[in-house]
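K.L.:
Provided below are the primary sequence and the corresponding predicted coordinates.
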Amino acid sequence: MTQQSPGKKRGLSRPVEVVRAELLKDPETKRIADAVGMKLEDYVELVLEYAQDKDKEPMLNVVSDEELKANGFPVHTVEEVGEFLVAGAKGELPGQGNPFAKSEFEASKGDAAGKPSLNPTGDTAKAPQDEAKRQELLEQMKKGGGGPRG
């Protein structure tokens, strides 16, 4: 097992200029910067700051609702946050999109003629769903609970 010298930071193995250029060109980085409401350049610098020092912990500020309101930030209820997390889990957040829809792939019966298929009848077999269990799981997600543990 190797030990790091106390003054040495664990970080990038490639030159920071190269990584910065790659991040600035990457469309996914731009999408994330937009999603978190930051300019691309500022977001890239923040990413590089953490990438250059793997031991650096992100800063977390906990403030009261009153302080948020006083500084012009919206205050969300627990229910709103739960709905946001559920929407994220379902892939329904703005900008998230459906990656399969982007492919423009459409399964048509004419294209599959004479080709092997895992679903030869064209019908999709679905297991019966227990609506009560489904609703219970959604409620657990909203509350942040994982259900009974044993």
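P.N.:
Structure received. Numbers count the residues shown, from 1 in each chain.
K.L.:
ok, residues contacting stretch 26-41?
P.N.:
For stretch 26-41, the surrounding residues in contact (C-beta atoms under 8 Å, 6 or more residues apart in numbering) are Leu23, Leu24, Asp42, Tyr43, Val44, Leu46, Val47, Gly95. C-beta: built from backbone N, CA, C; applies to glycine.
K.L.:
Actually, stretch 57-65.
P.N.:
Stretch 57-65 has contacts (C-beta under 8 Å, 6+ apart) with Tyr50, Val75.
K.L.:
Next, the buried residues of the host helix or strand of Glu80.
P.N.:
Counting by DSSP states H and E, the element that carries Glu80 is helix 78-90. Under the neighbour-count criterion of 16 or more other C-beta atoms under 10 Å, helix 78-90 has Gly82 buried.
K.L.:
quick one: average confidence on that helix?
P.N.:
Across helix 78-90, pLDDT averages out at 85.
K.L.:
again, but for stretch 23-38
P.N.:
For stretch 23-38, the mean pLDDT works out to 90.
K.L.:
Ends of that stretch, what's the gap?
P.N.:
Start-to-end span of stretch 23-38 (C-alpha to C-alpha, to the nearest Å) is 14 Å.
K.L.:
other SSEs contacting the helix holding Glu80?
P.N.:
Packed against helix 78-90 by the contact rule (3 or more C-beta pairs under 8 Å, 6 or more residues apart in numbering; DSSP states H and E) you find helix 131-143.
K.L.:
Only alpha carbons, please: show the helix it packs on as PDB.
P.N.:
The C-alpha trace of helix 131-143 is given here as PDB (Å, rounded to 0.1, in the frame of the first residue of the first chain):
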ATOM      1  CA  GLU A 131     -51.300  -0.900  -7.900                       C
ATOM      2  CA  ALA A 132     -51.300  -0.700  -4.100                       C
ATOM      3  CA  LYS A 133     -47.700  -1.800  -3.900                       C
ATOM      4  CA  ARG A 134     -46.700   0.600  -6.700                       C
ATOM      5  CA  GLN A 135     -48.400   3.500  -4.800                       C
ATOM      6  CA  GLU A 136     -46.700   2.400  -1.600                       C
ATOM      7  CA  LEU A 137     -43.300   2.500  -3.300                       C
ATOM      8  CA  LEU A 138     -43.900   5.900  -4.800                       C
ATOM      9  CA  GLU A 139     -44.900   7.200  -1.300                       C
ATOM     10  CA  GLN A 140     -41.700   5.800   0.200                       C
ATOM     11  CA  MET A 141     -39.700   7.500  -2.500                       C
ATOM     12  CA  LYS A 142     -41.400  10.800  -1.700                       C
ATOM     13  CA  LYS A 143     -40.700  10.400   2.000                       C
END
